[in-house]
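Peer 1: Here is my input, please return the structure:
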Amino acid sequence: MRISTSQFQQLSSSSILEQQARLLKTQQQLATGRRIVTPADDPAGATRVLNLDKAVATVEQYNRNIDQAQLRLEVEESVLEQAGNLVQRARDLTVQANNASQGPEERRFIASEIRQVHEQLVQLANAQDGKGEYLFSGSKTRTQPFVRDGGGIIYQGDQQVREVQVGPERTLASSHHGLDVFMRLPGGNGDFRVQVDEGNQGTARLADDRAAPAGTAFNGPYTVSFEVIGEETDYTVTDDDGAVVATGAYVPDEPITFDGRVVAFEGTPADGDSFTMTRDGNQSLFSTLQQMINTLESDSGSGASRARINTELYGVIQSLDNAQNGLLDNRAQVGARLNALDRETEANESVLLDLKSARSRVEDLDYAEAISRFNLQLVGLQAAQQSYMQIQGLSLFNYL
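Peer 2: Just a heads-up that it's a prediction; the model follows:
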């Protein structure tokens, strides 16, 4: 069979170009470390790799969410710890101020320190995370949650809790909103609050108060009034309708029981002195501290003034205890969430390892096989090129 020169040139060039293409493909595989460089290499495998890439990207996003949530929760835990220390300091100062040995000047000094504690708590309540977002403003992370309004502190955030997706079917809260942490705290004993009548002249002050069992009806405001007859002092407790619910002889520190509730007083009441028990609701930590400041700065030094201060500070101590318990509860929740994030990270890392292993089995190159193939293709290409050069040189003119 005769082969024309042009046909020989075309066949030789095609063969060399084809071998060069195969060699180039192998070089690309060796350079990238992947068996599938283009979808044409393995359409089914390429589709599986794309699906695995998507799954890996999703799990990695979960881990980034976890990192952000951990940052916020760690900052919040630190803020709550500092706030708890300040509340404890305020409680210690309240106990100190409630001592009978403290005079008006000493109480004003204590009020001045409480004012500094108040300011520090406001700053902590407006704390931000590493991204400049407020911790306790709910979903309104760019809005300062606590601002002054007149003589008090108001909350500007919302009641939404920020949640992050940390797994395929799991979300976790990454913070608390400020209402739960600083504003909606039980006041006093959570049932009723004892208030001193402004006209009291005696030295009687609250020594104990105990809430009624849950579900007990509150028929107040209740009023405890004292009547002095000779050397004997009697008390009468009336409800909101004026009905007498308890009466008897007053004995300092002896419990007075009415409608499932208990109060006790110490000191000596004057004739006509009275105390009112009103329904106790939630109050903010800031208003508790402001109440303490106002109470301490109002000390006139009289026995009646001190009795009123002692009664009001008794309620302040209860409210501070409630605030401290609330902060501890929130810290416990933060700790539980951080532990949950650690467990979720471990689970995600395990899933990520499985996904990447599966992708590697489909996509990764067998270097030993590829290098052997590369060497064979290189030798084949060199042989084809040399053969082409030798055959091209066969001509009768070379022998004439």
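
Peer 1: Could you check which helix or strand contains residue 313?
Peer 2: In the assignment (DSSP states H and E), residue 313 maps to helix 303-363.

Peer 1: Which other helices and strands does that helix contact?
Peer 2: Counting contacts by 3 or more Cβ pairs under 8 Å, 6 or more residues apart in numbering; DSSP states H and E, helix 303-363 packs against helix 43-97, strand 163-167, strand 170-173, strand 185-186, strand 192-196, strand 205-210, helix 285-297. Using the backbone N, CA and C atoms, a C-beta is placed for each residue, glycine as well.

Peer 1: Show me the domain layout of this protein.
Peer 2: 38-190+282-364, 191-279 (automatic domain parsing).

Peer 1: sorry, back to before: looking at the helices and strands packed on helix 303-363, which is nearest to residue 309?
Peer 2: Distance to residue 309, taken as Cβ to Cβ, is lowest for helix 285-297 among the helices and strands packed on helix 303-363, at 5.6 Å.

Peer 1: mind checking how far the closest one is from the chain centre?
Peer 2: Distance of helix 285-297 from the chain centroid (Cα atoms, centre = their mean, to the nearest Å) equals 28 Å.

Peer 1: residues in contact with the closest residue to residue 301 other than its chain neighbours?
Peer 2: Distances taken as Cβ to Cβ, 6 or more residues apart in numbering place residue 104 nearest to residue 301, at 5.0 Å, with adjacent residues excluded. For residue 104, the contact set (Cβ atoms under 8 Å, 6 or more residues apart in numbering) comprises 299, 300, 301.

Peer 1: Find me the pLDDT at the last one, would you?
Peer 2: The model reports residue 301 with a pLDDT of 71.

Peer 1: and it, that's in a strand?
Peer 2: No - assessed by DSSP: H, G, I helix; E, B strand; the rest coil, residue 301 does not belong to a strand; its assignment is coil.

Peer 1: I'd assumed residue 105 was in contact with it.
Peer 2: No - the criterion here is Cβ atoms under 8 Å, and residue 301 misses it with residue 105 at 9.3 Å.

Peer 1: about what we covered before: which of the contacts of residue 104 tops the neighbour count?
Peer 2: Using other Cβ atoms under 10 Å as the neighbour criterion, residue 299 leads the contacts of residue 104 with 20 neighbours.

Peer 1: measure that residue to residue 246 for me?
Peer 2: According to Cβ to Cβ, to the nearest Å, residue 299 stands 31 Å off from residue 246.

Peer 1: One more: residue 179?
Peer 2: From residue 179 to residue 246 the distance is 37 Å (Cβ to Cβ).

Peer 1: Could you do residue 150 as well?
Peer 2: For residue 150, the distance to residue 246 - Cβ to Cβ - is 40 Å.

Peer 1: between these two, which one's more packed in?
Peer 2: Per other Cβ under 10 Å, whichever of residue 150 and residue 246 has more neighbours is residue 246, with 17 against 6.

Peer 1: Tell me which helix or strand the more buried one sits in.
Peer 2: strand 244-249.

Peer 1: I'd like to know which elements that strand is packed against.
Peer 2: Other helices and strands packing on strand 244-249, by 3+ Cβ pairs under 8 Å, 6+ apart, are strand 232-238, strand 256-258.

Peer 1: taking the mean pLDDT, what do you get for the last one?
Peer 2: The predicted model gives strand 256-258 an average pLDDT of 93.

Peer 1: buried residues in it?
Peer 2: 256, 258 (16 or more other Cβ atoms under 10 Å).

Peer 1: quick one: contacts of that strand?
Peer 2: 222, 224, 235, 237, 245, 246, 248, 262, 263, 264, 265.

Peer 1: so what's the nearest residue to the last one once chain neighbours are set aside scoring on pLDDT?
Peer 2: What that stands for is residue 265. With sequence-adjacent residues excluded and distances taken as Cβ to Cβ, 6+ apart, residue 265 is closest to residue 204, at 4.8 Å. With respect to pLDDT, residue 204 scores 91.

Peer 1: I figured residue 204 hits residue 272, correct?
Peer 2: No - using Cβ under 8 Å, residue 204 makes no contact with residue 272, being 11.6 Å away.
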